[in-house]
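In: Can you look at this prediction? I've put the sequence above it.
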Amino acid sequence: MVAYVLFVIPFTVVYLTVPERHTSMWAVIGLAGVVAMLVGIRLHRPARRWPWLMLAAANLTFTAGDTTYNILEAAFGQTNPFPSLADVFYLSTYPLFAAGLFGFIRYRTESRDLASLLDALILTSGLALLSWAHLINPLTMAGGETWIQQAAALAYPLGDVLILAMLVRLLTLGGTRERSLQLLAIGTFGILTSDVLYGLLQLQGTWQVGTYMDLGWVVFFTAWGLAALHPSMVRLTERAPQPGPGLAKRRLAVLAGASLIAPAILLSEALLGTVRDAAVIAVFSAVMFLLVMARLWELVSQHRRAVTRERSLRVAAASLVGAVTPRDVARCVEEAATTLFGPGVQHEAVLLAVDADRRLRPVTSSGRAWTRHLDLPADALGTVCTPAPPPTGTSPDAEPPPPAVTPPPDTTLGPGAPRPAAPLVGAGPPGGRAPAPGAPRPAGAPLGAGAPAPADRPAPAGAPGRAGEAPRAGRGPGPP
């Protein structure tokens, strides 16, 4: 990575200081970024390569557009050719950018994440209004241009808004500490900055090749090449760590700033004496108001779900204190699962016990046999069999409790281990560690996780699960 940066620096210096070398130096800088991305893909071998290949193709078309533009000026004597063949390459860059970023978003999204989507829409709406007021609307009002020139000029800020929306959506998914993602963000902001300056200078008729304004595009080429060369690039096509519930202060500040863009533009135009965008500002303000209300509703829903879950866990823990037989424990698990998920959600709860032959045996509250086949050694599922003494004060005819089934710390199923015939749920603290007091639990966590079962009670090994979730070691969802 250091060698790549040292390679780009001298070519950039020559590009800015020797006008005769603009075309050749710029082509080398752009192609170096493409080669760096291809080398990174080849070196690190991400599980899903096509998003990175889309970004490399976008860099290639952007370089082709720059090279074509420079050749038209240097070899054919055209002054600021627009529109031209170069614009065909430029505009084809945006769909490739969007496709690559969409690939990252698709693979990093674990489940339905309405909160992150609303945050991205709020921020994008504010920045889109800013682009309209200072770039798109002035281009539509500029006279002396053909409809082809106006359409091509409008396509650039619209493409920038598209890329910005995809980047914001990617950043709101979490995992922003990944160095590769940070470099992608830096490169994207570089190209957006130069594109905005390019549009403003085109409106003023003062655009020239080879100025320091081009450094934004140099940052774009270099940062994206470094992003592909960094080892963390393989994690951009994997599930991102989900942010915790609630709204972080930094994210809240960003959303508040985005919501204030519309009144700020209206105030600035009023102070200048001409309000040109009143209707557009009103529409964007209404859209952002609705998005903010939807975000508030999502926060309230998250809080309501958390309260419901904690209440269900407390009721289940209180019921388990009075449970004597395995059927009593199974009944507590089933009732807690029904309370937690509600009557409209399909779920399944089962208590897994270890019999005398150290094989898992399901226990139901009704006494009926479990319909799913389950005949596996407990050791094959990564479980630890802990003998539990019979509870004191029970009658001799009472059904003896089975040993507890508890997942050991950091246990995973090996590639050669037998797979269970049905999803299973472990008991006890996940990973062998009790969560901190007040820490949020994931939706599929075992009931009573973090509170080990009493020594004289059978430990519940059943918990609710959602249909369609991927089974995990020692724990998994219930079928529909």
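Out: Nice, thanks for sending it over. A quick note: this is a predicted structure, and the numbers were derived from the prediction, not measured.

In: Find the nearest non-adjacent residue to residue 70, please.
Out: Distance criterion Cβ to Cβ, 6 or more residues apart in numbering; nearest residue to residue 70, sequence neighbours excluded, is residue 23 at 4.0 Å. C-beta: built from backbone N, CA, C; applies to glycine.

In: what helix or strand does the one you found sit in?
Out: Element membership for residue 23, per DSSP states H and E: helix 22-44.

In: my read is residue 46 is in a strand, agree?
Out: No: Residue 46: not assigned to a strand; according to DSSP: H, G, I helix; E, B strand; the rest coil it is coil.

In: Number the residues from 579 up from this point.
Out: That works, and once the first residue is 579, the last one we named lands at residue 624.

In: in terms of contact, does it touch residue 631 like I think?
Out: No: at 10.2 Å, residue 624 and residue 631 do not qualify as touching, with contact defined as Cβ atoms under 8 Å.

In: The longest helix along the chain packs against which elements?
Out: Counting by DSSP state H, the longest helix found in the chain is helix 856-899. Judged by 3 or more Cβ pairs under 8 Å, 6 or more residues apart in numbering; DSSP states H and E, helix 856-899 is in contact with helix 692-709, helix 827-837, helix 839-850, helix 904-919.

In: where in the protein is pLDDT low?
Out: Scanning the chain with the threshold set as pLDDT under 70 gives 688-689, 720-722, 820-825, 920-922, 925-1058.

In: how about a cut-off of 50?
Out: For the chain, the stretches flagged by pLDDT under 50 are 947-949, 951-952, 956-1058.

In: can you give me the strands for it?
Out: Using DSSP state E, the strands found in the chain span residues 929-932, 938-941, 962-964, 982-984.

In: Identify the residue spatially nearest to residue 708, adjacent ones excluded.
Out: Leaving aside its sequence neighbours, residue 708 sits nearest to residue 839 (Cβ to Cβ, 6+ apart; 5.7 Å).

In: Now for the one you found, how many residues are close by?
Out: Residue 839: 21 surrounding residues under other Cβ atoms under 10 Å.

In: Hmm, residue 683 is touching residue 750, no?
Out: No: with contact defined as Cβ under 8 Å, residue 683 does not count as touching residue 750 (9.6 Å).

In: For residue 610, see how far away the residue nearest to residue 761 when sequence neighbours are not counted is.
Out: Nearest residue to residue 761, sequence neighbours excluded (Cβ to Cβ, 6+ apart): residue 805, at 3.7 Å. Distance, residue 805 to residue 610, by Cβ to Cβ, to the nearest Å: 14 Å.

In: and what of residue 583?
Out: In terms of Cβ to Cβ, residue 583 sits 10 Å off from residue 610.

In: The two - which one has more neighbours?
Out: Comparing residue 583 with residue 610 by other Cβ under 10 Å, the one with more neighbours is residue 610, at 19 against 11.

In: For that one, list the residues it contacts.
Out: Residues near residue 610 by Cβ atoms under 8 Å, 6 or more residues apart in numbering: 582, 585, 586, 589, 799, 803.

In: about what we covered before: so for the helix holding residue 601, what gets flagged as buried?
Out: 600-616, 618-619, 622 (16 or more other Cβ atoms under 10 Å).

In: Now for residue 748, how many residues are close by?
Out: Neighbours around residue 748, by other Cβ under 10 Å: 25.

In: Also residue 728?
Out: Neighbours around residue 728, by other Cβ under 10 Å: 15.

In: thought it was touching residue 714?
Out: No: the pair residue 728 / residue 714 is not scored as a contact, 10.7 Å apart, by Cβ under 8 Å.

In: Grab the nearest non-local neighbour of residue 730.
Out: Using Cβ to Cβ, 6+ apart, the closest residue to residue 730 is residue 661 (4.3 Å).

In: so the one you found touches residue 728, yeah?
Out: No: Residue 661 is beyond contact range of residue 728, at 10.0 Å (criterion: Cβ under 8 Å).

In: Do I have it right that residue 670 meets residue 638?
Out: No: contact criterion Cβ under 8 Å: residue 670 and residue 638 do not qualify, at 10.1 Å.

In: higher neighbour count, those two?
Out: Higher neighbour count among residue 670 and residue 638: residue 638, with 20 against 15, using other Cβ under 10 Å.

In: returning to what we had before: what's the local residue count around the residue nearest to residue 761?
Out: Counted by other Cβ under 10 Å, the residues lying close to residue 805 total 27.

In: just residue 882 next, same as before
Out: Neighbours of residue 882 (other Cβ under 10 Å): 10.

In: now swap in residue 746 and tell me
Out: The local packing of residue 746 (other Cβ under 10 Å) involves 21 other residues.

In: wait, what's in contact with the nearest residue to it once chain neighbours are set aside?
Out: Using Cβ to Cβ, 6+ apart and skipping residues adjacent in sequence, the residue nearest residue 746 is residue 698, 4.6 Å away. Shown in contact with residue 698 (Cβ under 8 Å, 6+ apart): 743, 746, 747, 750.

In: switch the cut-off to 6 Å
Out: The contact partners of residue 698, by Cβ atoms under 6 Å, 6 or more residues apart in numbering, come to 746, 747, 750.

In: Alpha carbons only: can I get stretch 683-699 in CSV?
Out: Only the C-alpha atoms of stretch 683-699 are listed here, as CSV (Å, rounded to 0.1, in the frame of the first residue of the first chain):
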residue,chain,number,x,y,z
ILE,A,683,-25.2,-3.1,1.0
ARG,A,684,-26.8,-6.3,0.1
TYR,A,685,-24.2,-8.6,1.7
ARG,A,686,-23.7,-6.4,4.8
THR,A,687,-27.4,-6.2,5.6
GLU,A,688,-28.2,-9.0,8.1
SER,A,689,-32.0,-8.5,8.2
ARG,A,690,-34.7,-5.9,8.0
ASP,A,691,-33.0,-2.7,9.2
LEU,A,692,-35.6,0.0,8.9
ALA,A,693,-33.8,2.4,11.3
SER,A,694,-30.6,2.5,9.2
LEU,A,695,-32.7,2.9,6.0
LEU,A,696,-34.6,5.8,7.4
ASP,A,697,-31.4,7.5,8.6
ALA,A,698,-29.9,7.2,5.1
LEU,A,699,-33.1,8.6,3.5
